[in-house]
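In: got a sequence here, can you model it:
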Amino acid sequence: MREHFFPDFDWHTVFVQPWAEYGDNSFWIVLMGFLVSGTCGLVGCFVILRRMALVGDAISHSLLPGITIAFLLTNSRDTLPMMLGAIAAGITTVVLIEAIRHSSRIKPDAAIGIVFSSLFAIGIILISVFADKIDLDAECVLYGELGFIPLQDIAMLGGVEIGPEPVIRMAIIAVIAIGLLIAFFKEMLVTSFDPGLAASLGINPTRYQYGLTLFLSVVIVSSFESVGVVLVIAMIIFPGATALLITDRLPKAIWLSILFSLLYAVLGFHLATWLEASIAGGMTVIAGFIFGLVWMAAPKRGLLTKLVKRSFKRETTSP
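Out: Predicted structure coming up:
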């Protein structure tokens with residue numbers, strides 16, 4: 001029986017040793033965590049503004065049958081077939097949700113629950129029946145493990161090693177996300193805040209809705225092998241939600257989400273080192289902790305700020 005709930009804290013072991021003795025491994029782990037969280041945060045700002053957070057959750061669960069079917073058809077766990085299967089599953093999820101919403105009296109939250117639970121269950125059955133003897137299991141998809149990133153195959157460029165393949169792949173996705181954000185920022189901004197105004201300006205809100213969903217599927221499947229499809233939802237929601245508590249301006253919220261993502265990766269890595277726990281789990285705990293601090297003390301919307309303002313208002317209005 002353990003004498004202490006938490007292990008003893010040693011500054012050198014937690015903060016110095018991982019970089020002094022295992023610097024290369026620590027660098028790739030933290031970089032991958034930042035790339036995943038930062039890319040998810042960029043997409044997540046628009047997901048939250050469009051009130052699609054539950055759709056992201058649905059997509060993360062419904063990817064399981066997509067990648068399972070892709071594996072069964074190709075007998076390969078390479079990135080391309082897995083990503084194509086995940087994208088197909090993501091599009092199918094959104095189409096089914098919209099079809100149920102518009103063809104029945106079912107509310108959006110119920111439609112999301114129906115679709116993602118059904119597709120996720122189909123994925124579990126497909127794995128247990130057809131891939132039970134293959135190294136393709138639900139836990140790998142659900143939880144992932146950032147600690148294994150340095151052990152992955154090394155990508156080569158011109159005969160030079162440039163880093164683990166998952167990190168390079170995620171870096172490419174991050175660059176694409178930044179490029180798409182710059183290219184379509186105005187359209188995404190208008191369709192996120194006022195679809196009616198966007199339609200009057202000749203911008204098709206539905207097209208950008210599906211485009212966002214498609215790219216969200218790509219980001220999720222690129223992230224699941226390192227943080228898992230469940231924990232990646234936290235990375236989609238927390239950076240943007242925390243940033244939007246601080247500011248109403250979307251460009252500033254995007255920059256803040258990147259800053260928060262860096263904090264999640266670094267502090268989550270060291271928290272996991274201290275507790276000898278999941279690194280992705282450590283990142284999510286840090287994300288929740290930072291959100292709690294901002295929720296309590298945000299300059300305009302924080303709970304403490306509101307209490308102080310109300311108290312001051314009572315004092316100034318009392319006779």
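In: quick one, strands of this protein?
Out: Counting by DSSP state E, the chain has strands at residues 154-157, 160-164.
In: okay, the ones you listed in TSV with mean pLDDT and distance to Ala58 next?
Out: From N, CA and C alone the C-beta is placed, and that goes for glycine too. Formatted as TSV, the strands of the chain follow (pLDDT from 0 to 100; distance: least, C-beta to C-beta, whole Å):
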stretch	mean pLDDT	distance to Ala58
strand 154-157	85	32
strand 160-164	87	30
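In: would you list those in JSON lines and tack on distance to Val308 and mean neighbour count?
Out: JSON lines is the format used below for the strands of the chain (distance: least, C-beta to C-beta, whole Å; neighbours: other C-beta atoms under 10 Å):
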{"stretch": "strand 154-157", "distance to Val308": "52", "mean neighbour count": "12"}
{"stretch": "strand 160-164", "distance to Val308": "48", "mean neighbour count": "14"}
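In: I'd like to know which of those is closest to Lys107.
Out: Nearest to Lys107, of all the strands of the chain, is strand 160-164, at 43.3 Å by C-beta to C-beta.
In: export the strands of the chain to CSV and tack on distance to Ala111?
Out: Below are the strands of the chain laid out as CSV (distance: least, C-beta to C-beta, whole Å):
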stretch, distance to Ala111
strand 154-157, 40
strand 160-164, 39
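In: closest to Leu64 out of those strands?
Out: Between the strands of the chain, strand 160-164 lies closest to Leu64; by C-beta to C-beta that is 24.0 Å.
In: so for Gly66, what's the nearest residue that isn't a sequence neighbour?
Out: Ala89 (2.6 Å; C-beta to C-beta, 6 or more residues apart in numbering).
In: between the strands of the chain, which one is closest to Leu304.
Out: Among those, strand 160-164 comes nearest to Leu304, with 42.7 Å by C-beta to C-beta.
In: list the helices and strands that closest one packs on?
Out: helix 23-49, strand 154-157 (3 or more C-beta pairs under 8 Å, 6 or more residues apart in numbering; DSSP states H and E).
In: direction included, what does it pair up with?
Out: strand 154-157 (antiparallel) (DSSP bridges).
In: contacts for the strand it pairs with?
Out: 161-165, 168 (C-beta atoms under 8 Å, 6 or more residues apart in numbering).
In: one more: stretch 51-63?
Out: By C-beta under 8 Å, 6+ apart, the list of residues contacting stretch 51-63 reads 44, 47, 85-86, 89-90, 92-94, 97, 108-109, 112, 115-117, 119-120, 123, 141, 212-213, 216-217, 220-221, 224, 229-230, 232-233, 236-237.
In: counting only helices, which of those make the cut?
Out: Counting by DSSP state H, the contacts of stretch 51-63 place 44, 47, 85-86, 89-90, 92-94, 97, 108-109, 112, 115-117, 119-120, 123, 141, 212-213, 216-217, 220-221, 224, 229-230, 232-233, 236-237 in helices.
In: good, wrapping up.
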